[in-house]
Structures are given as C-alpha cells and as structure tokens.
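Peer 1: Show me the folded form of this:
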Amino acid sequence: MLALLAAGCGAQTHPNEPRPQVPTRVAVTIGPDGVVVQPPRIAFGPEKSQQIPQNQNHPQPPIKTKTPVTVVLVAANQTGKDSKLELHGRVDASSQTIPARSPGSMQADLPAGTYTITAAGASGSGKLVVGPYRASSKNDLLLP
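Peer 2: Residues are numbered from 1 along each chain as shown. The predicted structure follows:
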C-alpha cells in the first residue's frame with residue numbers, strides 16, 4: 001500500500017529553466033545611399049528597450065547558453081524600387097520582396113558574430129554585430 005502512495009506522488013523537484021530571450025528588434029532603413037542599421041550592436045548586455053513597459057527597471061538575468069539570439073529585422077524601404085534584404089555572416093538569409101516605399105521584416109537566429117546587411121538597389125551596406133549575452137525573459141510578464 002505504501003508503495004502505491006509513493007509512486008503516485010510525482011517529482012518533488014521542478015527545475016526552473018530560464019525562459020528564452022524575447023526576440024531582439026533591429027531597425028533597417030533602405031535608402032538610395034545605402035542601408036542603415038539601428039542599433040548596430042546587440043546582445044552585449046541587458047537591453048532596456050526590449051522589455052515591456054511594466055518591467056523596464058527590473059534586471060534581465062542572463063541565460064548561460066551559447067544559443068543564437070532571435071533577431072527581427074524591421075525594414076523601411078524608402079526607395080522607389082522593390083528590394084530584398086540580404087544578411088551575410090555566420091548565417092546567411094534573405095527576406096521576401098519589400099515593395100517600394102513600404103515596410104517589411106525578416107527573422108533570423110544569429111549566433112555571436114559580425115553580419116553585413118545589404119539590399120538590392122542600395123549602394124551601401126549596413127553592419128550588425130551580435131554579442132554573446134542572452135537575457136532570460138523570466139521577468140517579463142504577459143509573454144506567451
């Protein structure tokens with residue numbers, strides 16, 4: 001009888017795994033003179049702008065992992081021609097076509113390193129440096 005009670009109790013410890021980092025947003029402007037990336041460096045420490053407003057002044061604990069950071073590139077095509085974003089570095093990726101004078105976006109999981117962002121029809125390129133810091137989203141409420 002005692003064995004049946006002990007078997008039905010379940011685990012007494014529940015590991016509290018760190019929650020994954022909220023995707024980092026990076027603004028990209030495609031202009032006739034080139035590509036502008038803002039901010040040009042991410043994942044080098046806690047990013048206040050990434051937290052939802054009620055948690056802005058609370059610490060973002062780091063995650064001890066070397067997993068890539070999920071980055072959402074939010075682009076504004078300010079040229080008169082359709083374009084595509086091209087990401088080159090440790091990971092290569094490209095976006096869907098971004099219509100002229102319209103917004104677009106693309107998402108990529110980027111390990112630490114330096115990336116070049118170009119766009120069809122733009123003469124210059126932008127640079128994005130991704131650092132090793134990964135923040136847990138355990139202090140961010142109302143996230144899925």
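
Peer 1: which one is Thr97 nearest to, not counting chain neighbours?
Peer 2: Leaving out its chain neighbours, the residue that sits closest to Thr97 by C-beta to C-beta, 6 or more residues apart in numbering is Asp82, at 5.3 Å. In short, each C-beta sits where N, CA and C put it, glycine included.

Peer 1: per-residue confidence for that neighbour?
Peer 2: You'll see Asp82 listed with a pLDDT of 95.

Peer 1: quick one, phi psi at Thr122?
Peer 2: If you look again at residue 122, you'll see it is Ala, not Thr. Phi and psi for Ala122, reported as degrees, to the nearest 10, are phi -100, psi 140.

Peer 1: Looking at stretch 120-129 now, give me its mean pLDDT.
Peer 2: Confidence for stretch 120-129, expressed as mean pLDDT, is 91.

Peer 1: residues in contact with it?
Peer 2: Taking C-beta atoms under 8 Å, 6 or more residues apart in numbering as the criterion, the residues outside stretch 120-129 that touch it are 26, 28, 30-37, 40-42, 71, 79, 81-84, 86, 113-118.

Peer 1: List only those of the residues you listed flagged as buried.
Peer 2: With neighbours counted using 16 or more other C-beta atoms under 10 Å, these contain these buried positions: 26, 28, 30, 35-37, 42, 71, 79, 83-84, 86, 115, 117-118.
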